[in-house]
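**Q** Quick one, what's the 3D model for this:
(chains A and B)
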Amino acid sequence: MSVAGLIMQQLCMNKFVSPTTGATISSAQFGILLALLFLPNSTLWGRAIFSFVFAILGTWIFVWFIQRIRFKDVVMVPLVGIMFGNVIGGITNYLAYKYEMTQALSTWLVGHFSLVLRGRYEIVWLVVPLVILAFLFANHFNIVGMGKDFSRNLGVPYNLVLFMGLTIVAMITASVVVVVGSISYIGLIVPNLVAMFKGDKIRGTLTDTALFGAIFVLVCDMLGRVVIAPYELPIELIIGILGSILFILLLLYRLRHGRRAIRLTRAQSGCAAALSGVDGGEAG
Amino acid sequence: MFVKELTKKYDGKPVVDSVTFDIPKGSVISLIGPNGAGKSTVMGMISRLIAKDTGMVEFDGKDIGKWKSRELAKRLAILTQTNQIQMKLTVRELVAFGRFPYSGNRITKADEAIIDQAIEYMELREFEDRFIDELSGGQRQRAYIAMVIAQDTEYVLLDEPTNNLDIYHATNMMKIVRKLCDELGKTVILVLHEINYAAFYSDYICAFVDGKIARFGTVEEVMTKETLSEIYKVDFEILRISGKPLSIYY
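**A** Reported below is the predicted structural model:
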């Protein structure tokens, strides 16, 4: 999920775009609802395919839209994405009410792990080849992220890579949504935090992002299980709270420091030595 | 490289109108002219960043549109002025992208050596692990040039390389351009606003007015009082400093 966010941010040249703020998640949910409505007997795979298709379409439409309009302001793009996502979410809700499906729907809307059982989670394995694919094309995504002229200069087909990347993002997102439900903010917070320390070279940060994302989810899940034990809070709730706080801090940090990086290497002697274990990979 | 009857229209209005000229190999060619004369558009079409309407850009015996994008990327590099990259890459990572047309995702030992050379050549060794958004304008511009050097092309196209640079950095930029041609044997085509830089550092000048070539020739041929006054519609005086014509306008 955080990998998806990382790629999406690069492709859209915007740090605040992620599957949540870019309509991918809500499109995936819309797809699931349609599957539930029209093919009530559909298997998990049937729903997965529906949500794949819609997630891909939704993401493409969103990116096409922002490319058309060319906002100058970085904050506008995610705002439009959130609006677009809410419109789709609204339609989803309306349809759900109409056909009395809200109960079923809420299972998919709020991410939680209680339904993850054998025979139901296998779709998540789809993420593995997708992430490998993302890793192979990491440099392509980086180059496309630097703009159309830049990528043409280096002989990289801009549109092809853009759409391929978005498709990968949408499929990763959709396969998570189908199994777990929506987990917002991971795609937004995790890549940003990692990039602050390690820069934007995707090849270098992909594994860090994936690992950090997993740790983040794990910690949140444990919190969810501990806070009101023996009951379990849905993970979406915990991540939502933590994520929003981090997101606001991130915005404030940006406002105050501009785009300056937090550099671990700046503090020369003692601090750098202490951190070199963490940061050593970067020097090579 | 040969440009023949190149035309580009926006909303029916020609911004570049039947432009024909020959680009002499191994020299520095400056495209000058008033704003909106079509210099950057010509540059864009030569480098296949902008699609041309009619005409042809012949590059090594083939029209530029018929080249495979990746093959062309090994022969011709362009740096536009819109390279305000919002990305945290280190200088070295940026320069490494110059090798992309050759090695794709796998940077080989040979590539590393070329990247090292390019960084060394642009005197960026001490900055190589710094993020480009932390550099000053002049340093960042040098990092981009280093990437172009790593791309190792015969032709280098620069769109207003001195834009937003102070006198010190702009002059150094022009010296680098000269070195690219003299030491590395590249053909450099640049769009410039500053006529005297064009006069002092290039071999040929191509002056545009209203989408047409007003004058194309050696520096001596173009840098005359009459020609410049006609192009820019202001009064010019030509001085000679260290054997080269320099203009004063008022």
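
**Q** Give me the buried stretch members for the helix or strand A:Thr92 falls within, please.
**A** Following DSSP states H and E, one finds A:Thr92 within helix A:76-98. For helix A:76-98, a neighbour-count test (16 or more other CB atoms under 10 Å in any protein chain shown) marks A:77-78, A:80-82, A:84-85, A:88-89, A:92-93, A:95-96 as buried. Using the backbone N, CA and C atoms, a C-beta is placed for each residue, glycine as well.

**Q** okay, B:Thr20: pLDDT?
**A** B:Thr20 is assigned a pLDDT of 87 by the prediction.

**Q** Residue numbers of chain B in contact with chain A?
**A** Within reach of chain A by CB under 8 Å from any CB of the partner chain, chain B has these residues: B:47-49, B:68-74, B:77-80, B:82-83, B:85-90, B:93, B:97-98, B:100-101, B:104-105, B:129, B:131, B:133-134, B:151.

**Q** among those residues, which are in strands?
**A** B:77-79 (DSSP state E).

**Q** Which residues are in contact with the nearest residue to B:Asn163 once chain neighbours are set aside?
**A** In space, and not counting its chain neighbours, B:Asn163 is closest to B:Gln81: 5.3 Å by CB to CB, 6 or more residues apart in numbering or on different chains. Counting by CB atoms under 8 Å, 6 or more residues apart in numbering or on different chains, B:Gln81 makes contact with B:159-160, B:163.

**Q** Mind checking which of those are buried?
**A** B:159-160.

**Q** what's the lowest-pLDDT member of the contacts of B:Gln81?
**A** Ranking the contacts of B:Gln81 by pLDDT, B:Asn163 lands last with 81.

**Q** Am I right that that one is in a helix?
**A** No. Per DSSP: H, G, I helix; E, B strand; the rest coil, B:Asn163 lies outside any helix segment and is coil.

**Q** Which phi and psi values does it adopt?
**A** phi -60, psi 140 (degrees, to the nearest 10).

**Q** Run a quick neighbour tally on residue 144.
**A** You didn't say which chain, so I picked chain A. Neighbours of A:Val144 under the rule other CB atoms under 10 Å in any protein chain shown: 26.

**Q** looking at chain B here, not the other one
**A** 23.

**Q** Need the per-residue pLDDT for B:Thr171.
**A** So B:Thr171 comes in at 90 (pLDDT).

**Q** hmm, back to that, highest neighbour count among the ones in strands among the residues of chain B next to chain A?
**A** B:Ala77 (27 neighbours).

**Q** could you list every residue that touches that residue?
**A** Counting by CB under 8 Å, 6+ apart, B:Ala77 has contacts A:153, B:98, B:148, B:151, B:153, B:155-157.

**Q** ok, 10 Å please
**A** Residues near B:Ala77 by CB atoms under 10 Å, 6 or more residues apart in numbering or on different chains: A:153-154, B:47, B:98, B:101, B:144-145, B:147-158, B:186.

**Q** Tell me which of these fall in strands.
**A** Using DSSP E, these in strands are B:155-158.

**Q** Which of these sits closest to chain A?
**A** B:Leu157 (9.0 Å; CB to the nearest CB).

**Q** Pretty sure B:Met43 is one of the things the closest one touches, is it not?
**A** Yes. Contact criterion CB atoms under 10 Å: B:Leu157 and B:Met43 qualify, at 5.9 Å.

**Q** Pass me the low-pLDDT residue ranges in chain B, would you?
**A** B:82-87 (pLDDT under 70).

**Q** ok, what's across the strand from the residue nearest in space to the middle of chain B?
**A** Centroid check for chain B by CA atoms, centre = their mean gives B:Leu158 as the closest residue, at 2.0 Å. Per DSSP bridges, the residues bridged to B:Leu158 are B:Leu79, B:Leu190.

**Q** how about it, what does it touch?
**A** Here B:Leu158 is in contact with B:28, B:30, B:43, B:77-81, B:141, B:144-145, B:148, B:173, B:176-177, B:180, B:188-192 (CB under 10 Å, 6+ apart).

**Q** Give me the contact status of the helix holding A:Thr92 with chain B.
**A** No. On the criterion CB under 10 Å from any CB of the partner chain, helix A:76-98 is out of touch with chain B, staying 11.9 Å away.

**Q** And that helix, what does it pack against?
**A** Here helix A:76-98 touches helix A:2-12, helix A:24-38, helix A:44-69, helix A:102-109, going by 3 or more CB pairs under 10 Å, 6 or more residues apart in numbering or on different chains; DSSP states H and E.

**Q** I'd like the average pLDDT over the third one.
**A** When you say that, I think you mean helix A:44-69. In this model, helix A:44-69 has a mean pLDDT of 76.

**Q** Now that helix: buried residues?
**A** A:47-56, A:58-60, A:62-63, A:66.

**Q** That one and chain B, are they touching?
**A** No. Applying CB under 10 Å from any CB, one finds helix A:44-69 out of contact with chain B, separated by at least 14.5 Å.

**Q** phi, psi of the residue of chain B most remote from its centre?
**A** Residue farthest from the centre of chain B, counting by CA atoms, centre = their mean, is B:Lys109 at 29.2 Å. With angles defined as degrees, to the nearest 10, B:Lys109 sits at phi -60, psi -40.

**Q** likewise B:Glu154?
**A** The phi/psi pair for B:Glu154 (degrees, to the nearest 10) is phi -70, psi -40.

**Q** Name the nearest residue to it, sequence neighbours excluded.
**A** B:Glu154 sits nearest to B:Arg75 (CB to CB, 6+ apart), 5.6 Å away.

**Q** quick one: that neighbour and B:Trp67 touch, right?
**A** Yes. The criterion here is CB under 10 Å, and B:Arg75 meets it with B:Trp67 at 8.0 Å.

**Q** Give the intersection of the neighbour lists for the two.
**A** Contacts common to B:Arg75 and B:Trp67, judged by CB under 10 Å, 6+ apart, are B:59-60.

**Q** Out of the buried residues of helix A:76-98, which comes closest to chain B?
**A** Lowest distance from chain B to the buried residues of helix A:76-98 (CB to the nearest CB) belongs to A:Val77, with 11.9 Å.

**Q** how far away is that closest one from A:Phe84?
**A** 11 Å (CB to CB, to the nearest Å).

**Q** Tell me how many other residues surround residue 250.
**A** The chain I'm using is chain A. 17.

**Q** nope, chain B please
**A** Count around B:Tyr250 with other CB under 10 Å applied: 6.

**Q** give the contact list for it.
**A** B:234-237 are the contacts of B:Tyr250 under CB under 10 Å, 6+ apart.

**Q** Could you single out the nearest of these to chain A?
**A** B:Val234 (32.1 Å).

**Q** Can you report phi and psi for that closest one?
**A** With angles defined as degrees, to the nearest 10, B:Val234 sits at phi -130, psi 170.

**Q** In chain A, where is pLDDT below threshold?
**A** Ranges of chain A meeting pLDDT under 70: A:1-23, A:39-44, A:69-76, A:100-124, A:179-187, A:198-204, A:228-232, A:235, A:254-284.

**Q** In it, what residue comes closest to chain B?
**A** For chain A, CB to the nearest CB, closest residue to chain B: A:Gly155, 3.3 Å.
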